[in-house]
Structures are given as structure tokens and as C-alpha cells.
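Q: Got a predicted model here, sequence first, then my questions.
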Amino acid sequence: MRDIDNLCMNCFADLTEGAVCAECGYDNDGQNDSMYLASKTLLADKYIVGAVISHDSDSVTYSGYDTQLDKKISIREFYPKGIANRLEGAMDIRYRQKFTAEAEKYKMSFYKLWTTMAKMHSLSAAVPVYDVFELNNTAYAIIENMECIPLREYLLRNENNYIAWDNARLMFMPVLTTLEALHNNGIVHGSISPDNLVLCRDGKVRLSPFCIQDSCDITSALQFAPQEGYAALEQYENNHKICPATDIYAFSACIYRSLVGTNPPSAKARETNDKIMIPNSIAETIPMHVIKAIGAGMQIYPEKRIKNIADFRERLDAAPSVQAQAAVSTDYTKHQEYDKQQNKKSRIIIIILVILIMGAIGAGIYVVEFTDLVNKPTETTTVQPLKTYEVPNIVGQELTKSDVENSAAWNQQFTFTFTADYSTDVEEGIIFKQSVAPGEVVDAGTEIVLTVSKGIQTVEVPDVSNKTLEDATKELEALGLKVSSVEVYNDGGHTPNTVKAAYGSAPAAGETVALGEEVILQVYGEVQTTQPAETSEDED
């Protein structure tokens, strides 16, 4: 086995120039935060833990080294954000008392996800998984380290930030086989986006390590952050359930991003304006059957969306069965429709030029109305400027700032500005006030001030290090927090019954927690002394 002490804990190359790695620049004198496993920790007698790469909603990922295979790996440790912590120097994960039942359920989901992925090593879009095991009151997945770049970065490197369908087809179609296998095993990815579809050195597109399904909607106890434009409506707070169609929505959105060059609008915004704009110059380069497949895959409501990968694949491929269903006219009629569309495009260009000359906001757009896209021909339309508009009920829809910013129709009608304020009953990020009442008719361009919630019933954990347990408890309880304590060893250099100076609380000082949350304090005990044993001579 290689000398671990002479390896970089980030890339696992040999250190040749002191603590700073000549290969990757990582400073090996630094240490992982005490809430994580320490560098050089040995797991299952063969896996070396390295530097922390990321901490997602359900787990933390470390660089790692397999001592038996002599190769770099990735180590995924189940460590659910917001409901778990690790005391300094400890190996075991601790779960917050009120989340104990959920944590056990999530851990089982984590174990099932990665054992399932381990069985799919032959699928082209699956990242190889070598091992899955339980240890330290948690679970681990050992994953092959892949040299890759995110799809988003690849697209940004292309001229105009998009690619042609012929190229996209070669990249995306193999991924559908892996997604289909996941769905057949009862697993929904739940977070597909251009950031976790990755292009690997071998030319294949893969699903980068992802989180458990339980963490993929905002009602979860885990800290889920929707990827705007790619998260489906059911991942926001509503009555719809996450299902395989959730992945089809996100995958369709990724194809849209790849072919058009911009992110699609948020699903929440599209609930009130179910249209997506494609510039005419781009729409003309995308096969009609692909546009229709994207439309069917991005239906707002999951019950109206394509239900399974097989159907989605067939539509993208324009399989004979799909072509037969779509054949509703003769070639002559098709040519007539084509001529009509060309005439409409010409009229649009004229209208756009007039609008530009007048100084108004205008653009040549291909409007895809997804509600009835599969059942009727798509049309090229323009938005006629109006003098007045009725103000929508933005507050009543629980929208975010991003939702409003991505609503093309609203932004053509009104001017939005945003402010933020605390709210006692609306969660962070949701708009809860609007300066102009819903239903009021106003002039085009009227400014509407929207107030975004800064959060509800939360408090920042104060720094109570070096304070007595009594004083620290009073300060925390005054903020509405519950307090418990554990005693730690005192080598004589600390005042008994005081909170540790470093990492003395979990959650740590500075973290934001809900009112009523339990804070565990590490408190120095009495100084330990050793008394010599009493001896006596035997009596004769």
C-alpha cells in the first residue's frame, strides 16, 4: 500500500513539494471541518477519507482512495442536512431528536438507492458504484471517480450556448435507458439538470451522484433547493406527487436548454402562463417531432405529462407508431401548411421591425403552448401591445422572485421591483405582498413592488463558548431554543462547567435554526486527578 502520509488528500497524487500538492494545489496542512470525518480516516479497512468535496441535502461527498484497487474514488456519506450533526472527534453521526424516525427512513432510502445503482454498472449513463455499507451510525457508497464536466459548462463552451438536435440526440438518448431502469426499480432521480448531467472523458453522458427521492421536494425535512426551470410543479408545495413523470419533465427541460440556449421558465411561473418561447431562427432548426416531445414532457401537471420513458423515447425518435398518429394530412396539405407558416413568419418579421422602430420591447418568437401542443399544430404569434392590464394575484400563488422574473408575459406588461421583509407565517423566498392589488387595471409598465419573505420563526445560534453552562443555557432559552449538554474531558487547562471554546455547540454558532430546536452543548467536566492507591504492611 502507498504511504498515506505522503499523499494529497484531494487528488491522491504523491506529495513532492511539501504540504501543497504540485498536481492540484490543495494545501494538505488544512483539515476538514470537525463536523465531517477527518482526513486519512480509514473506512471498512480499505477506504481512505480525503477532502470534503460537497455537502448535498442527503449526504456529504469526500475525495477518497481505495487501498486495495490503488485508485482514487468518491465516498458518499449519508449525512442529511439540517437534521444530523457530528460532535468534535466523534465518528458516529447524531440525529436530532425530533427527526429520528425520518432519519432512519432516509438512511434506508440512501442504502436502497446506491445498492440499486451498484447493480446497474453495465448501463452507459450510470456512474459505477463499487461498495455500499453501514458504519458509524450511517451509510456509505463508494463510487468511481469520473473525470467529467457538467452539461451546462459544455453548452457554454459552444457558440450561442446551444447545440443541434443531431448532436443532442447522441448525448441524451442513452441516458433514457438508465433512467428507465431506475424507474423500474422504484427510484425517481428528482434533480436532473444541466449541472448533474455530466460529460465524461469516454464521451458518455452520465447521471452524476444524486440524492434520495425523499429530499427532492420542498415539503421534505431535508434542505431541498429547487433547480428553477428544471424542477417540476410537484416538487413545490402542492397536491401532486413525485413520480417518473417528474424526471421526464426535468429531462425535457435539459433538452430544451441544449437546443435553445436558455433556461426554461420556472414551473411555478408556467402554471399561470403555460407558454415557452423559442426564437424563430432556432425553432426552424429543431424537428417538429422533437418540439412536440418536449412539449408533452413539460406539461405542467404530471397527470397530463408523458408517463413513462418508453413513450418519451418513442416520441423523440419519431418512431413509426408516433408518426402514424401524427399523420393527419396529405403531403399536399403539409406543403400548404408550410407555406402558411412561412407567410406568418414574414408578417411577424415586419411587425417586429415596426415595434423596434417605435422603441417598444419586441422579439420574433416561436410560441409553444404546451397545454394542447400534442393535439394541435403549433403557431407563430405575436403579442399585441395593449394600453392597460389587469394586475394578477401574485401573492396568492406562492411564487418566488425567480418565478416572476421568468414570466415573460408579466414582464412585458408590468415593471417589477423587489424588497424583502421578515414574515411570521410565510416561508423564506415566497412573495407575500404586492403594492398593487390583484384585479386592478393599470397602464402598461406600471411598477409593482413585490415583498419577498426573509424567513419564518428562525434564530441564529449565538456563540456561547467559554460561558458557564448556566449562562449559556439562559441565553439560548431566551431565544426560544432547547438546551441539553454532554460532558467532555478536562485536561486541567479549562474551567469546569464551561462550554468548549471551539465547536462547543451543535448546531454550531452562527447556524440558523427553527425556534424550539435543541442545541447540544459540550461542557468541560471537573479536572481528572489520579490518587495513589493506599498500601499497608501485612501484620505478623
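A: Structure received.
Q: any chance you could map the strands in the stretch 1-150 of the chain?
A: With DSSP state E, counting those that start in this stretch as the criterion, the stretch 1-150 of the chain has strands at 42-43, 47-55, 59-66, 71-78, 84-85, 94-95, 129-135, 138-144, 148-150.
Q: Then the stretch 251-400 of the chain?
A: According to DSSP E, counting those that start in this stretch, the strands that the stretch 251-400 of the chain contains are 275-279, 365-369, 388-390.
Q: Mean pLDDT lowest where, among these?
A: Among the strands of the stretch 251-400 of the chain, strand 365-369 has the lowest mean pLDDT, at a mean of 50.
Q: What does the pLDDT read for residue 510?
A: Looking at residue 510, the pLDDT reads 83.
Q: Can you classify it as helix, strand or coil?
A: coil (DSSP: H, G, I helix; E, B strand; the rest coil).
Q: In contact with it, which residues?
A: Shown in contact with residue 510 (Cβ atoms under 8 Å, 6 or more residues apart in numbering): 460-461, 463. (Each C-beta comes from the backbone N, C-alpha and C, glycine too.)
Q: Nearest to residue 133 among the residues you listed?
A: residue 461 (33.1 Å; Cβ to Cβ).
Q: Any regions of this structure where pLDDT drops low?
A: When residues are selected by pLDDT under 70, those of the chain lie in 1, 319-387, 424, 456, 528-540.
Q: can you pull out the helices in it?
A: Remark: helices assigned in the chain by DSSP state H are 100-118, 151-156, 165-184, 244-260, 267-270, 280-283, 288-297, 309-317, 320-326, 331-358, 401-405, 408-413, 469-478.
Q: Out of those, flag the one nearest residue 504.
A: helix 469-478 (8.4 Å).
Q: just checking, what packs against the closest one?
A: Applying 3 or more Cβ pairs under 8 Å, 6 or more residues apart in numbering; DSSP states H and E, one finds that helix 469-478 contacts strand 482-488, strand 518-524.
Q: how about the ones you listed, which one is nearest residue 10?
A: strand 518-524 (29.4 Å).
Q: Among the contacts of residue 510, name the ones in strands.
A: By the criterion of DSSP state E, membership of the contacts of residue 510 in strands covers residue 460.
Q: Out of the contacts of residue 510, who's the most crowded?
A: When neighbours are counted by other Cβ atoms under 10 Å, residue 461 leads the contacts of residue 510 with 19 neighbours.
Q: List the residues that contact that one.
A: By Cβ under 8 Å, 6+ apart, residue 461 lies in contact with 476, 481, 505, 507-513, 519.
Q: could those residues go into a markdown table alongside distance to residue 245?
A: Converted to a markdown table, those look like this (distance: Cβ to Cβ, whole Å):
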| residue | distance to residue 245 |
| --- | --- |
| 476 | 45 |
| 481 | 41 |
| 505 | 43 |
| 507 | 37 |
| 508 | 40 |
| 509 | 43 |
| 510 | 40 |
| 511 | 36 |
| 512 | 34 |
| 513 | 35 |
| 519 | 41 |
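Q: Any of these buried? List them.
A: For the contacts of residue 461, a neighbour count by 16 or more other Cβ atoms under 10 Å gives the buried set as 476, 481, 505, 507-508, 513, 519.
Q: Mind picking the one among the residues you listed that's closest to residue 70?
A: residue 508 (36.7 Å).
Q: how near is that closest one to residue 52?
A: 15 Å (Cβ to Cβ, to the nearest Å).
Q: Also residue 64?
A: For residue 64 relative to residue 52 (Cβ to Cβ), the value is 11 Å.
Q: between those two, who's got more neighbours?
A: The residue with more neighbours, out of residue 64 and residue 52, is residue 64; 25 against 19, by other Cβ under 10 Å.
Q: Please tell me how far the nearest residue in space to the more buried one that is not next to it in sequence sits from residue 195.
A: With Cβ to Cβ, 6 or more residues apart in numbering as the criterion, residue 64 has its nearest non-adjacent residue at 3.9 Å, and that residue is residue 75. Look at residue 75 and residue 195: by Cβ to Cβ, they are 21 Å apart.
Q: ok, the two, which is more surrounded?
A: The residue with more neighbours, out of residue 75 and residue 195, is residue 75; 26 against 15, by other Cβ under 10 Å.
Q: which residues touch residue 85?
A: By Cβ under 8 Å, 6+ apart, residue 85 lies in contact with 35, 93-94, 96, 506-507, 520.
Q: before we move on, what about residue 175?
A: Residue 175 sits next to 124-125, 197, 205-207, 251 when contact means Cβ under 8 Å, 6+ apart.
Q: if we go to 7 Å?
A: 125, 205, 207 (Cβ atoms under 7 Å, 6 or more residues apart in numbering).
Q: Dump the residues you listed to TSV, plus distance to residue 133.
A: Output for those, formatted as TSV (distance: Cβ to Cβ, whole Å):
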residue	distance to residue 133
125	25
205	29
207	22
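Q: From these, list just the buried residues.
A: 125, 205, 207.
Q: Out of these, flag the one nearest to residue 156.
A: residue 205 (16.0 Å).
Q: Give me the nearest residue to the closest one, chain neighbours excluded.
A: Closest residue to residue 205 apart from its sequence neighbours, by Cβ to Cβ, 6+ apart: residue 171 at 4.9 Å.
Q: That neighbour and residue 317: what is the separation?
A: Counting by Cβ to Cβ, the gap from residue 171 to residue 317 is 14 Å.
Q: okay, the two: which has more neighbours?
A: Using other Cβ under 10 Å as the criterion, residue 171 and residue 317 rank with residue 171 on top: 19 against 16.
Q: Kindly provide the distance from that one to residue 297.
A: Distance, residue 171 to residue 297, by Cβ to Cβ: 16 Å.
Q: Over to residue 259?
A: In terms of Cβ to Cβ, residue 259 sits 13 Å off from residue 297.
Q: And residue 23, by the same measure?
A: Distance, residue 23 to residue 297, by Cβ to Cβ: 42 Å.
Q: Looking at these two, which has the bigger crowd around it?
A: Per other Cβ under 10 Å, whichever of residue 23 and residue 297 has more neighbours is residue 297, with 24 against 14.
Q: Surely the more buried one and residue 247 touch.
A: No - counting by Cβ atoms under 7 Å, residue 297 stays clear of residue 247, with 9.7 Å between them.
Q: what's around residue 273, how many residues?
A: Other residues lying near residue 273 total 15 when counted by other Cβ under 10 Å.
Q: typo on my end, residue 100
A: By the criterion of other Cβ under 10 Å, residue 100 has 11 neighbours.
Q: From residue 94, how far off is it?
A: 10 Å.
Q: Equivalent analysis for residue 254, please.
A: 37 Å.
Q: Looking at those two, which one has more neighbours?
A: Each of residue 254 and residue 94 has its neighbours counted (other Cβ under 10 Å); residue 254 has more, 29 against 17.
Q: For the residue lying closest to residue 24 once chain neighbours are set aside, list the residues it contacts.
A: Take residue 24 and drop its neighbours on the chain: the residue closest to it by Cβ to Cβ, 6+ apart is residue 11, 4.3 Å away. By Cβ under 7 Å, 6+ apart, the contact set of residue 11 is 21, 23-24, 26, 72.
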